[in-house]
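Asker: Predicted structure and sequence below. I'll ask about it afterward.
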Amino acid sequence: MTNAPAISMPALRFFRRIVRGYFRRHFHAIRISGADRFSALAHSEAGPVIVFGNHSSWWDPMVSIYLAERLMDTRRHYAPMDAVALERYPVLKRVGIFGVEMNSARGAVTFLRTSEAILASGGVVWITPQGRFVDSRARPLEFKPGLSALASRVAASTGWCTVVPLAIEYPFWDERLPECLLHFGEPLRVDSPQDLEKLQLELMQSLETAMNTLRFTAMQRDARNFDTLSHGKLGTGGLYGGWQKLKASLTGRPYQVEHTVLPECGKDLASCKERSDDV
């Protein structure tokens, strides 16, 4: 019988701290829409939960770790990873990442059995069903069969499960660092076993709808369309940033850290109404 992989809480807390630091250093802000659709599934009564997202960047697994902590810390979270690549990052084995042998029948069986054990224990599984890096603008979407097979099998054994699409983009807006933009689409409830081809199509359409929504919102370049989970480093930094701050102090003028004042902030950044926490 397959069991859910063990998670070391000290290792997980340490790794989450590393992830928060990474986002602080490399992104202007982490912004999300549709978060309530995911956080509403936090309690075990909501049943098995699978999150599936597009896979355009190395950052995607870090996003799942960050969101798991911020939006659903009541459950344990897991994600599959290529077994060969996982050997390069052994610490990930202690924080919920489990290895899967790619492109083999044995790997498919391992993925399904391990994921079913995780979901049966109340954990959440995060999956990138494209199985490779794909530009977020590429259409049509193409999925590996593992997601639909897993959802159908879990529904067969438990009666139902919830599958939640997550769209991810990393665009540059007006600042030196890019934005991390996220959007949870409408959850899809899978009841009982289903035709896998039909379910696969429904899942692809669900994620594509979420990605199109995020693409349209991202193009508006308006932070008010999102909840801001955290801010990263602001301004230009370095010697030039230091000189700008000193000049503002000497002239008695307010020091504007960001290149562009956000619409909801006016001229006083301290009055910004975005919901933001320190990373």
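Answerer: Received, thanks.

Asker: show me where the stretch 1-150 of the chain has helices.
Answerer: If DSSP state H, counting those that start in this stretch is used as the criterion, the helices of the stretch 1-150 of the chain fall at 9-26, 35-39, 60-71, 83-86, 105-120, 146-158.

Asker: What number of residues are in the vicinity of the residue nearest to residue 59 when sequence neighbours are not counted?
Answerer: Nearest in space to residue 59, with sequence neighbours left out and distances taken as Cβ to Cβ, 6 or more residues apart in numbering, is residue 170 at 6.6 Å. No exception for glycine: its C-beta is placed from N, CA and C like everyone else's. Using other Cβ atoms under 10 Å, residue 170 has 17 neighbouring residues.

Asker: residues contacting residue 170?
Answerer: 27, 56-57, 59, 178-181 (Cβ atoms under 8 Å, 6 or more residues apart in numbering).

Asker: Roughly how far does it sit from residue 143?
Answerer: According to Cβ to Cβ, to the nearest Å, residue 170 and residue 143 sit 21 Å apart.

Asker: try residue 43
Answerer: Distance, residue 43 to residue 143, by Cβ to Cβ: 29 Å.

Asker: These two: who's more crowded?
Answerer: Neighbour totals were compared for residue 43 and residue 143, and residue 143 leads with 18 against 11 (other Cβ under 10 Å).

Asker: May I ask you to confirm that residue 141 is in contact with residue 128?
Answerer: No. Using Cβ atoms under 8 Å, residue 141 is not in contact with residue 128, being 11.4 Å away.

Asker: pretty sure residue 39 is touching residue 71, no?
Answerer: Yes. Counting by Cβ under 8 Å, residue 39 does reach residue 71; the two are 4.6 Å apart.

Asker: Same drill for the two, tell me which one is more crowded.
Answerer: residue 71 (18 against 14).

Asker: Can you give me the pLDDT of the more buried one?
Answerer: Predicted confidence (pLDDT) for residue 71: 97.

Asker: how about the helices in the stretch 151-279 of the chain?
Answerer: 196-220, 238-251.

Asker: Out of those, which gets the lowest mean score?
Answerer: Taking the mean pLDDT of the helices of the stretch 151-279 of the chain, helix 238-251 comes last: a mean of 56.

Asker: For residue 233, see how far away residue 58 is.
Answerer: Distance of residue 58 to residue 233, computed by Cβ to Cβ: 19 Å.

Asker: Look at those two and report which has more neighbours.
Answerer: More crowded of residue 58 and residue 233, by other Cβ under 10 Å: residue 233, with 17 against 8.

Asker: which residues sit in contact with that one?
Answerer: Residue 233 neighbours (Cβ under 8 Å, 6+ apart): 24-25, 28, 177.

Asker: Ranking by neighbours, what's the top pick from the residues you listed?
Answerer: Neighbour counts for these (other Cβ under 10 Å) peak at residue 28, which has 22 neighbours.

Asker: Hmm, residue 178 and that residue touching each other?
Answerer: Yes. Counting by Cβ under 8 Å, residue 28 sits close enough to residue 178 to count as a contact (6.6 Å).

Asker: Would you mark the buried spots in stretch 77-84?
Answerer: Using 16 or more other Cβ atoms under 10 Å as the test for burial, stretch 77-84 gives 77-81.

Asker: tell me the mean pLDDT for it?
Answerer: Across stretch 77-84, the average pLDDT comes to 96.

Asker: And that stretch, how far out from the chain middle?
Answerer: Stretch 77-84 has its C-alpha centroid displaced from the chain centroid by 15 Å (Cα atoms, centre = their mean, to the nearest Å).

Asker: Give me the contacts around that stretch.
Answerer: Contacts with stretch 77-84, where a contact means Cβ under 8 Å, 6+ apart, come from 4-5, 61, 64-65, 68, 92, 96-102, 107, 111, 114-115, 118, 123-127.
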